[in-house]
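*Asks:* only geometry, no sequence info:
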């Protein structure tokens with residue numbers, strides 16, 4: 001069974017062309033190795049698919065045709081890490097539209113927030 005066809009049949013991707021493109025881009029791994037779209041898949045293989053989020057699934061059943069969601073869920077065992085709740089995702093501040101580029105003071109504050117408030121490259125401390 002082809003990997004791209006199986007990803008589409010178990011509804012991990014919206015279309016077969018999306019699953020083929022993901023394989024070609026290197027976003028699909030079978031047992032830890034990147035695979036081409038036509039790679040063979042067998043029961044017991046572990047498929048890692050990196051789409052909107054990383055999905056790690058173990059193949060339980062090979063499906064040749066696309067089936068409904070309840071049937072598709074029976075074809076694999078999901079070992080994916082849990083999805084983080086929205087509160088756990090760090091807030092990224094958005095600059096107001098039309099505010100222009102940040103000033104030198106604002107840039108220093110941004111760097112300090114991001115933990116990049118290091119001295120410039122080549123900086124020599126007089127005390128050393």
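*Replies:* Happy to help now that I have it. Computed from a prediction, not measured in an experiment: that's the story for all the values here.
*Asks:* Please enumerate the helices of the protein.
*Replies:* 3-9, 16-24, 69-73, 104-113 (DSSP state H).
*Asks:* Let me see the contact set for the closest residue to residue 22 other than its chain neighbours.
*Replies:* Spatial nearest neighbour of residue 22, chain neighbours left out: residue 28 (5.4 Å); criterion: Cβ to Cβ, 6 or more residues apart in numbering. C-beta coordinates here come from the backbone N, C-alpha and C atoms, glycine included. By Cβ atoms under 8 Å, 6 or more residues apart in numbering, the contact list for residue 28 reads 3-4, 7, 19, 22, 34-35, 47-50.
*Asks:* Any of those residues buried? List them.
*Replies:* 3-4, 7, 19, 22, 35, 47-49 (16 or more other Cβ atoms under 10 Å).
*Asks:* Between which two of these is the distance greatest?
*Replies:* 4 and 48 (14.3 Å; Cβ to Cβ).
*Asks:* just to revisit the earlier point, looking at the helices of the chain, which is nearest to residue 54?
*Replies:* Among the helices of the chain, the nearest to residue 54 by Cβ to Cβ is helix 16-24 (12.0 Å).
*Asks:* Need the contact partners of that closest one.
*Replies:* So helix 16-24 is contacted by 3-5, 7-8, 12-13, 28, 35-37, 39, 49-51 (Cβ under 8 Å, 6+ apart).
*Asks:* gap between it and the chain center?
*Replies:* The chain centre lies 15 Å from the centre of helix 16-24; the measure is Cα atoms, centre = their mean, to the nearest Å.
*Asks:* got a list of contacts for the helix or strand bottoming out on mean pLDDT in the chain?
*Replies:* Using mean pLDDT, DSSP states H and E, helix 104-113 stands out as the lowest-scoring helix or strand of the chain, at a mean of 87. Helix 104-113 is contacted from outside by 102, 117, using Cβ under 8 Å, 6+ apart.
*Asks:* swap the cut-off to 6 Å and go again
*Replies:* residue 117 (Cβ atoms under 6 Å, 6 or more residues apart in numbering).
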